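Undergrad: Predicted structure and sequence below. I'll ask about it afterward.
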Amino acid sequence: MAKNVIFSPAAPAPIGPYSQAIQVNNLLFVSGQIAIQQATGTLVTGTIEEEAKQVMMNIAEVLSAAQYNFSHVVKTTIFLKDMNNFPKVNAVYGSYFASEPPARETVEVSRLPKDVNVEISCIAVK
């Protein structure tokens, strides 16, 4: 089994002892991403839609670093601080999966890193 650490300088650096993603054979496990802008290191704290869009852009950068894209994503997990934000986050999320969306669960949690409102992780396969 070959285990490769994936790092994208265009995505925020990990804020703890974990990798942005790990590739094992044709599987890519992308760690949960939050709405940190890589260029400034600051959190997007506007609307929930803006926060969700930054999360998806960060995921796109990590996928790209491994030469994957959203069409390769087979599973996602969305963590929300408030399930009332589900429709808005779902609309942003859905815009990245025009056809054949991945399997997914969405859960409400009491707290997320840096007190963000949304975190998303995924698994992709080629």
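TA: The structure has been received and is ready for your questions. Numbers count the residues shown, from 1 in each chain.
Undergrad: From the structure, what's the count of residues near Pro17?
TA: 5 (other CB atoms under 10 Å). The C-beta positions use only the backbone N, C-alpha and C, and glycine is treated the same way.
Undergrad: Which pLDDT value belongs to it?
TA: With respect to pLDDT, Pro17 scores 96.
Undergrad: Surely it is within a helix?
TA: No. Applying DSSP: H, G, I helix; E, B strand; the rest coil, one finds Pro17 to be coil, outside a helix.
Undergrad: Identify the residues contacting it.
TA: Counting by CB atoms under 8 Å, 6 or more residues apart in numbering, Pro17 touches no other residue.
Undergrad: who's in contact with Leu27?
TA: Going by CB under 8 Å, 6+ apart, the list of residues near Leu27 reads 123-125.
Undergrad: Equivalent analysis for Gly32, please.
TA: 77, 79, 113, 119-121.
Undergrad: measure Leu27 to Ser64 for me?
TA: 17 Å (CB to CB, to the nearest Å).
Undergrad: Report the buried residues of stretch 2-17.
TA: Using 16 or more other CB atoms under 10 Å as the test for burial, stretch 2-17 gives 6, 8, 11-12.
Undergrad: Please identify the buried residues of stretch 119-126?
TA: 119-124.
Undergrad: Residues contacting it, please?
TA: Contacts of stretch 119-126 (CB under 8 Å, 6+ apart): 26-34, 52, 55-56, 59, 63, 66, 68, 72-79, 93, 102, 112-113.
Undergrad: Disregarding residues adjacent in the polypeptide, which is nearest to Thr77?
TA: The shortest distance from Thr77 to any non-neighbouring residue, by CB to CB, 6 or more residues apart in numbering, is to Ser121 (5.0 Å).
Undergrad: Now name the helix or strand holding that neighbour.
TA: Here Ser121 sits within strand 118-125, counting by DSSP states H and E.
Undergrad: That strand - which strands sit beside it in the sheet, and in what orientation?
TA: Applying DSSP bridges to the sheet, strand 118-125 is found paired with strand 27-33 (antiparallel), strand 73-80 (antiparallel).
Undergrad: Render the CA-only coordinates of the shortest one in PDB, please.
TA: Right, the one you point to is strand 27-33. The C-alpha coordinates for strand 27-33 follow below in PDB (Å, rounded to 0.1, in the frame of the first residue of the first chain):
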ATOM      1  CA  LEU A  27      -8.500   6.800  -3.200                       C
ATOM      2  CA  LEU A  28      -8.100  10.300  -1.900                       C
ATOM      3  CA  PHE A  29      -9.200  11.200   1.600                       C
ATOM      4  CA  VAL A  30      -9.600  15.000   2.000                       C
ATOM      5  CA  SER A  31      -9.600  16.300   5.600                       C
ATOM      6  CA  GLY A  32     -12.300  18.700   6.700                       C
ATOM      7  CA  GLN A  33     -12.000  22.100   5.200                       C
END
